[in-house]
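>>> A predicted structure for the sequence below; I have some questions about it.
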Amino acid sequence: MSKRAPSPPPQIPGFEHLQLVGSGGFADVFLYQQQRPRRRVAVKVLLHEWSSPGQRAAFEGEADVMARLSTHPSIVTIYEADVAPDGRPYLAMEYCSRPSLGTRYRTERLGVAESLRVVVQIAGAVETAHRAGILHRDIKPANILGTDYGHPVLTDFGISSTVDDVTRAEGLSIPWSPPESFEEPPRASAATDVWALGATLYSFLAGRSPFEVPGGSNSSAELVQRICAQPLAPTGRSDAPPSLEMALATAMAKNPQARYPSVLELARALQHVQIELGLAVTPIDLLDDSGVVQDDVVSSGDDDQGTRLRGVVSIDPSGAGGARAPRPAQGGAPGTPGGRSDVADPWQAARRPGRDVPPTFDAPVPVAPPAVHDDTARVAVVEPAPQFASSTPVALVSAPQGLQVPQEDTVLRPDTGTSAPGTWDPGTPGPAGGPGRGRVVALVGGGVAVLAAVVVAAALLLGGGRGGTPDPVVTDADGGQVDGGGDAHDNLGDLVPSVRHLEGSAYPALGDAVFTWDQPADSQIGDTYAYQVVDPTSDDSPWVTVAGTNVDLPITQDPMCLKVVVVRDGKFSANPTHACATAQGD
Ligand SMILES: Nc1ncnc2c1ncn2[C@@H]1O[C@H](COP(=O)(O)OP(=O)(O)OP(=O)(O)O)[C@@H](O)[C@H]1O
């Protein structure tokens, strides 16, 4: 936490100051009452020292990007951006009344189910940003806020990048930063966010950041050294399956090329874990089939946009449609994320669909929930119901005695290297002349050299999921399928198609219901199916795999409704087919 005193709240016409919410490295956040419309808003005010005319111009550009992204359900909503009468730029945004994940993961034992759900939701936000050409670069628990409705929302999209001095704007939060952030010059790409999101999930599960030693010394220098040179330890959660530990190890591979090639791929792997655990599969919210969120956001060649700094970088949105493929960045040198080759990277090859092992479904048996299922964030759900904050009490656990919590704030890089303002291509080293890493880098020393050798075996063992968004196929009132359950097409790349013609007949007198369905149009040898009885009071009914195309079930609900997916090579239909059984007379 910042040790400085908060700045005075500015007088803002149309807003009435209520109280301080918190202080960060670059800004203070205040709660204001907006007059028209009347609502509470969080106002983030840049400190005076960051408020030069150029910085204000940068701020406006950044606010525009933020506002566009903020239509995403997992990105904080921006209401307006302006300059207060005292000269400080401010952003008025949705006030998130729930505690941030940064607070929660230190004080609660977050369940596996909730942790997965939150991270998959946030992954949709990050992937959306990537497709718009924006890297977040400061993903961490504290930057995931909780809305009034308990939804997790990502914030802090490069607020520090609104400053037109790259050297000063350059920031990072060490516990969640990947090794390449500490190189000289630093490198940033989508892989940076993949690591940070993985590190965030790890933090939720472990109750500490990944390279923090409980009770030990956790200085920034020691953290950097461990991040760069030490293998990632398992979370230690008995309820985290090996596939989840493997997903974390892959997301946080030292070598950026050994990580998931996109945040979307990480999210899919986590969906796969959800399936394995019998949990509801959290949708990945993306905008459209093309993957292009905005057509006029930063694109390659924006080097002259000097006011857009580190948070707004050009990546190739055109790669988004084929989201499984690694995103080629422009001009990246061989061996850098931008220069990585789809062919030359054995780790990416190992992750390709069809080569993932092991498949999740291999026998027609119920997939049991985890033995220790401590997710208390159960709420009545409508399909699907991503919730983030617990509506029921959770066990509070105190921080271990003697724990030295590392510096979690976004910190400026401690150097005075010259630099030119502007965007930078994530496929190339950092901003021109790059801000030096000073002491941080010096501490890293040769540690980075060992990166490629560490942890990469994880990729070979990866069984990451490749499932899609489980929007159910709509059924009519009689339980008949409206959509027809044909081949699915969504925004997640190539997909396993859906079953067709799912129909159910309930026989109350006999106490059972029979569901039948047809194979997908392009059925393949080895296809199996999984079904889930829809329970309106729970989101974690088990998925059960079957080889055939019908199932006879005892009636446990009225009506009896079923979701069915095709299971192919460990992947599953992007769109589960959904139908309710029609009651028969006899
Ligand atoms: N929209 C919001 N609603 C409620 N609280 C918010 C909102 N935005 C930020 N905050 C809170 O205000 C405080 C300051 O946020 P800010 O983003 O400036 O800094 P930070 O993320 O804590 O630090 P840094 O960005 O320097 O790492 C944090 O406690 C954060 O949770």
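In hand now; what should we look at?
>>> okay, how far is it across stretch 82-102, tip to tip?
28 Å (C-alpha to C-alpha, to the nearest Å).
>>> should've said stretch 213-224
Terminal residues of stretch 213-224 lie 13 Å apart, using C-alpha to C-alpha.
>>> Would you enumerate the residues in contact with Ala123?
Applying C-beta atoms under 8 Å, 6 or more residues apart in numbering to Ala123 gives the contacts Leu197, Val263, Leu264, Leu266, Ala267, Leu270, Ile284. Where you see a C-beta, it was placed from the backbone N, CA and C, and this is true even at glycine.
>>> and the ligand, which of these reach it?
With C-beta under 6 Å from any ligand atom as the criterion, the contacts of Ala123 include none near the ligand.
>>> Now, those residues that are in strands?
Assigned to strands by DSSP state E, none of the contacts of Ala123 qualify.
>>> Using the record's assignment, carve this protein into domains.
15-94, 98-277, 500-581 (the TED database).
>>> re earlier: for the ligand, state which of the contacts of Ala123 is nearest.
When the contacts of Ala123 are compared for distance to the ligand (C-beta to the nearest ligand atom), Leu197 wins out at 16.1 Å.
>>> my guess is that closest one meets Val126, correct?
Yes. With contact defined as C-beta atoms under 8 Å, Leu197 counts as touching Val126 (6.2 Å).
>>> Now do the shared contacts for these two.
With C-beta under 8 Å, 6+ apart, Leu197 and Val126 have common neighbours Ile139, Val263.
>>> Would you tell me which one of the domains of the chain is buried the most?
Ranked by mean neighbour count, these are led by domain 98-277 with a mean of 24 (mean count of other C-beta atoms under 10 Å).
>>> Could I get the full set of helices for the stretch 101-250 of the chain?
Counting by DSSP state H, counting those that start in this stretch, the stretch 101-250 of the chain has these helices, from start to end: 101-107, 112-131, 166-169, 190-206, 220-229, 242-251.
>>> got those as JSON lines, with mean pLDDT and distance to Asp527 columns?
Output for those, formatted as JSON lines (pLDDT from 0 to 100; distance: least, C-beta to C-beta, whole Å):
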{"stretch": "helix 101-107", "mean pLDDT": "94", "distance to Asp527": "38"}
{"stretch": "helix 112-131", "mean pLDDT": "96", "distance to Asp527": "25"}
{"stretch": "helix 166-169", "mean pLDDT": "36", "distance to Asp527": "52"}
{"stretch": "helix 190-206", "mean pLDDT": "97", "distance to Asp527": "31"}
{"stretch": "helix 220-229", "mean pLDDT": "95", "distance to Asp527": "42"}
{"stretch": "helix 242-251", "mean pLDDT": "97", "distance to Asp527": "21"}
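>>> Turn those helices into JSON lines, including distance to Val551.
As requested, those are arranged in JSON lines below (distance: least, C-beta to C-beta, whole Å):
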{"stretch": "helix 101-107", "distance to Val551": "39"}
{"stretch": "helix 112-131", "distance to Val551": "25"}
{"stretch": "helix 166-169", "distance to Val551": "58"}
{"stretch": "helix 190-206", "distance to Val551": "34"}
{"stretch": "helix 220-229", "distance to Val551": "48"}
{"stretch": "helix 242-251", "distance to Val551": "26"}
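>>> Regarding stretch 562-575, how distant is the last residue from the first?
Stretch 562-575 has its terminal residues 13 Å apart, counting by C-alpha to C-alpha.
>>> One more: stretch 206-215?
End-to-end distance of stretch 206-215 (C-alpha to C-alpha): 14 Å.
>>> Stretch 90-108 too?
With C-alpha to C-alpha applied, stretch 90-108 spans 32 Å between its terminal residues.
>>> before we move on, the earlier item: out of the helices of the stretch 101-250 of the chain, which is closest to Thr147?
helix 112-131 (11.5 Å; C-beta to C-beta).
>>> Which strands and helices lie in contact with the helix or strand harbouring Leu20?
Here Leu20 is covered by strand 15-23, with elements defined by DSSP states H and E. Under the contact definition 3 or more C-beta pairs under 8 Å, 6 or more residues apart in numbering; DSSP states H and E, strand 15-23 sits against strand 27-34, strand 39-46.
>>> and Val118, what is it in contact with?
Contact analysis of Val118 by C-beta under 8 Å, 6+ apart lists Leu101, Ile144, Pro152, Phe204, Phe388.
>>> where does Cys556 land in three-state SS?
I think there's a mix-up here, since residue 556 is Thr and not Cys. Here Thr556 is coil, with the state taken from DSSP: H, G, I helix; E, B strand; the rest coil.
>>> Next, work out how far apart the closest residue to it other than its chain neighbours and Gln557 are.
Of all residues not flanking Thr556 in the chain, Val533 sits nearest, at 6.5 Å (C-beta to C-beta, 6 or more residues apart in numbering). Using C-beta to C-beta, to the nearest Å, we find Val533 at a distance of 7 Å from Gln557.
>>> Likewise for Glu408?
Separation of Glu408 from Gln557 (C-beta to C-beta) stands at 45 Å.
>>> before we move on, back to that, turn the helices and strands packed on strand 15-23 into TSV, columns for mean pLDDT and distance to Trp517.
Converted to TSV, the helices and strands packed on strand 15-23 look like this (pLDDT from 0 to 100; distance: least, C-beta to C-beta, whole Å):
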stretch	mean pLDDT	distance to Trp517
strand 27-34	95	51
strand 39-46	94	48
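>>> TSV for the ones you listed, including distance to Glu114?
Shown next, in TSV, are those (distance: least, C-beta to C-beta, whole Å):
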stretch	distance to Glu114
strand 27-34	25
strand 39-46	24
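>>> Surely Val65 is in a helix?
Yes. According to three-state DSSP, Val65 belongs to a helix.
>>> any idea how far it is from Leu264?
On the measure of C-beta to C-beta, Val65 and Leu264 end up 20 Å apart.
>>> looking at this structure, which helix or strand does the model trust least?
For the chain, the helix or strand with the lowest mean confidence is helix 346-351, at a mean of 23 (criterion: mean pLDDT, DSSP states H and E).
>>> Contact partners for the one residue in the stretch 51-200 of the chain that gets nearest to the ligand?
Nearest to the ligand, among the residues of the stretch 51-200 of the chain, is Cys96, at 3.7 Å (C-beta to the nearest ligand atom). Neighbouring residues of Cys96 by C-beta under 8 Å, 6+ apart: Ala42, Val76, Leu145, Gly146, Thr147, Asp148, Val153, Thr155.
>>> tell me the two of those residues that are most distant?
Among these, Asp148 and Thr155 lie farthest apart (C-beta to C-beta), at 14.6 Å.
>>> and the residue of the stretch 51-200 of the chain closest to the ligand, helix, strand or coil?
Three-state call for Cys96 (three-state DSSP): coil.
>>> And it, how close does it get to Leu31?
11 Å.
>>> Can you check which residues contact both of these two?
By the contact definition C-beta under 8 Å, 6+ apart, Cys96 and Leu31 are jointly contacted by Ala42.
>>> Give me the below-cutoff pLDDT ranges for this protein.
1-3, 51, 55-62, 158-171, 288-405, 410-495, 538-541, 569-571, 574, 586 (pLDDT under 70).
>>> What residues does it have near the ligand?
21-27, 29, 42, 44, 76, 93-96, 100, 142-143, 145, 155-156, 173, 409-410.
>>> give me the residue from the stretch 1-150 of the chain nearest the ligand.
For the stretch 1-150 of the chain and the ligand, the shortest gap (C-beta to the nearest ligand atom) falls at Gly24, measuring 2.1 Å.
>>> quick one: that residue and Thr155 touch, right?
No. Counting by C-beta under 8 Å, Gly24 stays clear of Thr155, with 10.3 Å between them.
>>> Check the contact lists of the two and give me the overlap.
Counting by C-beta under 8 Å, 6+ apart, nothing touches both Gly24 and Thr155.
>>> Ser70 touches Glu80, doesn't it?
No. Counting by C-beta under 8 Å, Ser70 does not reach Glu80; the two are 11.5 Å apart.
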